[in-house]
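In: One predicted model, sequence on top.
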Amino acid sequence: MLVETLTALLVFAFVSSITPGPNNLMLMTSGANFGFQLTIPHLLGVGLGFTAMIVLVGLGVMQIFTLFPSTYNVLKVLSIAYLLYLAFKIAFAQHSSQNQSKRNTPMSFIQAVLFQWVNPKAWTMALTSISVYAPNQNLSSVLIVAAVFGLVNFPCITTWVLIGQKISRLLVNKTVFRTFNVVMASLLVVSVLPAMSMS
């Protein structure tokens, strides 16, 4: 891969990884609600899950949509429904001072890995990176794209968890806690709107 292409890929990986989206919004919310340590499985699931997604997309997963076009619409509906469900859970999360048995728990590693496959932004990032930077879809190019994203993505998503952890100091008040979660849930819903308008 040429230096110019690699540089462009690094910039694309950084910009797409650091900007708000379902993963980053949920990681920040988790950092605020549960702290950094309890969010680590979620963090690792996003980073490793998305890297694996790029590899699989590069190796031809998208051919499924070509062979069975209806699967795209099914995936779209599932993506929107699950994101709305997560937004609902965030909006009505219980404060730490409330009944512990009723509180939400952080997203697990496996849940975060699987979430990448119903995340509209993750699909956009994976498809764009492969089509632009590994158009021939040969194994070496796909692995380079995946490796670049893996290296760039981790610091970016970790930043969002740390921001959430800092915000947690302001969430000791139940009203502030609920307001924060409702705002984050609303932003998560807004992040779904582009997927709703896609044909």
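Out: Ah, there it is.
In: Give me the neighbour count for residue 19.
Out: Other residues near residue 19 come to 10 when the count uses other Cβ atoms under 10 Å. Yep, even glycine has a C-beta here, placed from its N, CA and C like the rest.
In: Also residue 45?
Out: 21.
In: so what's the nearest residue to it once chain neighbours are set aside up against?
Out: Spatial nearest neighbour of residue 45, excluding adjacent residues (Cβ to Cβ, 6 or more residues apart in numbering): residue 112 at 2.5 Å. Taking Cβ atoms under 8 Å, 6 or more residues apart in numbering, we find residue 112 in contact with 41-46, 49.
In: again with residue 38
Out: 30, 106 are the contacts of residue 38 under Cβ under 8 Å, 6+ apart.
In: buried residues in the host helix or strand of it?
Out: Here residue 38 sits within helix 36-56, counting by DSSP states H and E. By 16 or more other Cβ atoms under 10 Å, the buried positions in helix 36-56 come out as 36, 39, 41-43, 45-51, 53-55.
In: next one: stretch 77-96
Out: Going by 16+ other Cβ under 10 Å, stretch 77-96 has these buried residues: 79-80, 82-83, 86-87, 90-91, 93-95.
In: How far off centre is it?
Out: Relative to its chain's centre, stretch 77-96 lies at 14 Å (Cα atoms, centre = their mean, to the nearest Å).
In: Can you tell me what sits against it?
Out: Residues contacting stretch 77-96 (Cβ under 8 Å, 6+ apart): 22, 26, 29, 33, 102-104, 115, 118-120, 171, 174, 177-178, 181-182, 184-186, 188-189, 191-192, 195-196.
In: I'd like the average pLDDT over it.
Out: Stretch 77-96 shows a mean pLDDT of 82 in the predicted model.
In: same question, stretch 160-170
Out: Stretch 160-170 shows a mean pLDDT of 91.
In: so where do the helices sit in the protein?
Out: Assigned by DSSP state H, the chain shows helices spanning 3-18, 22-34, 36-56, 63-67, 70-91, 109-115, 120-133, 139-167, 174-197.
In: ranking those by mean pLDDT, which is last?
Out: Looking at the helices of the chain, the weakest mean confidence is helix 63-67, a mean of 76.
In: For stretch 58-73, list the C-alpha coordinates in CSV.
Out: Output in CSV follows, covering the C-alpha atoms of stretch 58-73 (Å, rounded to 0.1, in the frame of the first residue of the first chain):
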residue,chain,number,x,y,z
GLY,A,58,-13.4,-7.6,3.0
LEU,A,59,-13.5,-11.3,2.5
GLY,A,60,-16.9,-11.2,0.9
VAL,A,61,-19.7,-11.1,3.5
MET,A,62,-21.4,-8.4,1.3
GLN,A,63,-22.0,-11.1,-1.3
ILE,A,64,-24.8,-12.3,0.9
PHE,A,65,-26.7,-9.1,0.2
THR,A,66,-26.1,-9.5,-3.5
LEU,A,67,-27.3,-13.0,-3.6
PHE,A,68,-30.2,-12.4,-1.2
PRO,A,69,-31.2,-8.7,-1.4
SER,A,70,-34.0,-9.1,1.1
THR,A,71,-31.5,-9.8,3.9
TYR,A,72,-30.4,-6.1,3.6
ASN,A,73,-33.8,-4.9,4.6
